[in-house]
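[1] Structure for this input, please:
(2 chains)
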Amino acid sequence: MKRGLHTVWLAAAAAVTSGLALAHHGAAVVYDLSQHLTMSGTVTDFQFVNPHVLIFFEVANDDGSSTVWSAGLTSPNRLARSDGWTRTTFEPGDAVTITGSPARSGAPSLWVDAVLDGDGNSLLGGE
Amino acid sequence: MRRLHDSAVVLAAVLAASVAYGQELGGTHGADFSGVWNGRRAPGAEGYGGWAFSADLPPMTAWATERFEQARPTFGSTGVAVADTNDPVYQCFPPGTPRIYFHPFPMEIVQLPGRVLMIFEYDHLIRQIFTDGRGHRDDLAPGWMGDSIGHWEGETLVVETTNFNDKTWVDRRGVPHSESMTLTERIHINDEGLLQIDITVEDPVAFTESWSGERFYSRVDWNIEEFICMDNVTFLDFEQDVMEYSE
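    Coordinates of the predicted model:
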């Protein structure tokens, strides 16, 4: 599949008051923004980097196996300013519950709508 | 009494320094815009304020109309998916002035004697506005951000910018401009405490008459952080893996 740099763009795409889902113009191409899943698991990796913060977390399956899911968010600058996120907001082993739009490809990946920590506290929603 | 005298001396010194600073800023007055500012939607600009100066298109010449029809922006009535755009910013070219005002990242204003700096978080772009009385240069190659000369009219900084290239758009919906574009900005702090930038665009090659827009910024207690356009490349691998996943 031919892809250019523009297909992965996100930050300039963020409308000033748009929600997280719209913070990445290409998100609608990669993720089905009309659908929403909620998954709980244990953080395996937290990448507090531009252009998108990524959370990787391991989710137990019904058959006893487990799958590592990824979750994409907006930029670290925006998360820091709106909700006080830092590079240590998550560490491997932390419990997390994430609601987001699933990947159109069926990949275990979400474009994030909501994040709860292990105590059920919402970590998104600030202005 | 001695303490009162000392205070008066200090006050006089501060006033003298302020006057001198104002004169150094290139006018008889000046104002303090120093700090970090974050853009906010213009009143009544719902639906277009994030990507254009006005709901209607500016009055374009045939030259500009032809280019506008070739543009494939991601905003506006002719907007396309990101994968199909030819917006130069999506190739990490600078948005240029005044389009930089539409990119949703804060900017810091630093006022120096004879110069006002706008430091944009987006890709760390900088505008230098010279207020030391110099004129426009005539030896520069056309640029993205232009050559900005300012002077103070009371507490308003009036900035004239010339010497643009024609490689970017005026806004995010694909309105082009030529190398003949001239911007006049009137920058002041309005009654609501917002930094208000009134912009008049003149470009006889692209527009049949001048047109105007305005941008507003709130003062915030943030630092300018790092945001590098080319970091988007690093996201490519992740997203490609997601898109090409097969069970």
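[2] Give me the sheet partners of the helix or strand where residue A:71 lies and which way each runs.
    Element membership for residue A:71, per DSSP states H and E: strand A:66-72. When sheet partners are counted by DSSP bridges, strand A:66-72 sits next to strand A:54-60 (antiparallel), strand A:109-117 (parallel).
[3] Name the residues that touch it?
    Here strand A:66-72 makes contact (CB atoms under 8 Å, 6 or more residues apart in numbering or on different chains) with A:24, A:27, A:39, A:41, A:44, A:52-61, A:98, A:100, A:107-112, A:115, B:238, B:242. For the C-beta atoms, the positions are set from N, CA and C on the backbone; glycine is no exception.
[4] How about stretch A:89-96?
    With CB under 8 Å, 6+ apart as the test, stretch A:89-96 has contacts from A:40-46, A:48, A:55, A:57, A:79, A:115-118, A:123.
[5] where in chain B is pLDDT low?
    With pLDDT under 70 as the threshold, chain B has low-confidence stretches at B:1-29.
[6] what's the answer for chain A, then?
    Across chain A, the ranges flagged by pLDDT under 70 are A:1-26, A:127.
[7] So the longest helix along it, near chain B or not?
    In chain A, with assignment by DSSP state H, the single longest helix is helix A:76-83. Yes. On the criterion CB under 8 Å from any CB of the partner chain, helix A:76-83 is in touch with chain B at A:76, A:77, A:80, A:81.
[8] Just the buried positions in that helix, please.
    Residues of helix A:76-83 classed as buried under the neighbour-count rule (16 or more other CB atoms under 10 Å in any protein chain shown) are A:76, A:77, A:78, A:79, A:80, A:81.
[9] Tell me which helix or strand comes right after it.
    Sequence order places strand A:95-102 as the next helix or strand after helix A:76-83, per DSSP H and E.
[10] buried set for that next one?
    Residues of strand A:95-102 classed as buried: A:96, A:97, A:98, A:99, A:100, A:101, A:102 (neighbour count, 16+ other CB under 10 Å).
[11] of all these, which comes closest to residue B:91?
    Distance ranking of those against residue B:91, using CB to CB, places residue A:101 first at 27.1 Å.
[12] Against chain A, how distant is residue B:131?
    Applying CB to the nearest CB, to the nearest Å, the value for residue B:131 to chain A is 29 Å.
[13] What is the neighbour count of that residue?
    Residue B:131: 24 surrounding residues under other CB atoms under 10 Å in any protein chain shown.
[14] sec struct for residue B:231, please.
    Here residue B:231 is recorded as helix under DSSP: H, G, I helix; E, B strand; the rest coil.
[15] about what we covered before: the longest helix of chain A - contacts with which helices or strands?
    With contacts taken as 3 or more CB pairs under 8 Å, 6 or more residues apart in numbering or on different chains; DSSP states H and E, helix A:76-83 sits against no other helix or strand.
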